[in-house]
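Colleague: Show me the folded form of this:
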Amino acid sequence: MQQTLVTNSRDPTRLPLLSRIASMDVAVEGLRSFRTALQFCMSHAENKVVLITGPTVGMGKSFVSANLAAILASSGRKVLLIDGDLRDGQLHRYFHGQRAGGLSDILTGTPAANCLRTSVLENLDFISTGCLPPNPSELLSKPLMKSVLAELSPNYDMVIIDAAPLLAVADSLILGAYASAIFLTTRSGLTRPGEIAESIKRLARAGMSAKGVLFNDMSLRAGRYGDRHHYVYGYGTLRQLGYASDVQRTITNEA
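Modeller: Numbers count the residues shown, from 1 in each chain. As a prediction, the model looks like this:
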């Protein structure tokens, strides 16, 4: 879906928000369902921070993060979206802005207020990656990251962080320590059960766990909903998504 939107865009340097240009699309409806589940699971959370990541690149985590933030904001929640992928974050393209003046700048001493882009949409504020640093993991490991979230979170109903792929680098594990909920984005036909299993194991080793999985690009077959194929987003636990047995087998065999 994201590649189709980019291909059809007049300006390939900008990314359109599906939730804005096709609000009745089945993918948007899937994210609305996820919004409901997310609000329920966060109702008693220690903080309001949600981390969105994926096992590998190309899972659509940034598409999910941007559109979920927009959908939450459209329901009246005050939302902060942070591009925490200091390797190759692209969220600034959704809001027709520049990368510079963002998280990496905050973590090197710039006041957060100077990098906060207010009202990129109604009820939605945004912090870009800033200039991509040579040492992302070290930068994110600074105590200042925790302080920044503690400073900003009280002003929002939800803080969403889009993080680098979990199996590629340590960044998501670092940021996950500050989140009350972590969700894995996977892609139908591309993500292997072993990649999900390994992601879960790495989180577990760091004392964390995924609240659920976002299953991206599921094709909805004729007979279930109309007579066309659609891209949809499914949400649920590993068992609900049909991965439980395969993942458990992989973990058992590798133990």
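Colleague: any idea which helix or strand carries the residue nearest the centre of the chain?
Modeller: Residue closest to the average C-alpha location in the chain (C-alpha atoms, centre = their mean): residue 52, at 2.9 Å. Residue 52 is part of strand 49-53, with elements assigned from DSSP states H and E.
Colleague: just checking, next helix/strand downstream of that strand?
Modeller: Toward the C-terminus, strand 49-53 is succeeded by helix 61-74 as the next helix or strand (DSSP H and E).
Colleague: just to revisit the earlier point, need the contact list for the closest residue to the residue nearest to the centre of the chain other than its chain neighbours.
Modeller: Excluding the flanking residues, the one nearest residue 52 by C-beta to C-beta, 6 or more residues apart in numbering is residue 65, at 4.6 Å. Every residue, glycine included, has its C-beta placed from N, CA and C. Neighbour list for residue 65: 52, 81, 91, 160-162 [criterion: C-beta atoms under 8 Å, 6 or more residues apart in numbering].
Colleague: Keep only those of these that are in helices.
Modeller: Assigned to helices by DSSP state H, none of these qualify.
Colleague: Buried residues of the helix or strand containing residue 197, list them for me.
Modeller: For residue 197, the element it lies in under DSSP H and E is helix 193-205. By neighbour count on 16 or more other C-beta atoms under 10 Å, the buried set for helix 193-205 is 193-200, 202-203.
Colleague: The residues you listed into CSV, with extra columns for pLDDT and distance to residue 116?
Modeller: Converted to CSV, those look like this (pLDDT from 0 to 100; distance: C-beta to C-beta, whole Å):
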residue, pLDDT, distance to residue 116
193, 89, 40
194, 92, 39
195, 94, 34
196, 91, 34
197, 91, 38
198, 95, 35
199, 95, 31
200, 93, 33
202, 96, 31
203, 95, 29
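Colleague: Between those, which sits nearest residue 156?
Modeller: Closest approach to residue 156 among those (C-beta to C-beta): residue 203, at 24.4 Å.
Colleague: thought that closest one was touching residue 181?
Modeller: No. The pair residue 203 / residue 181 is not scored as a contact, 11.9 Å apart, by C-beta atoms under 8 Å.
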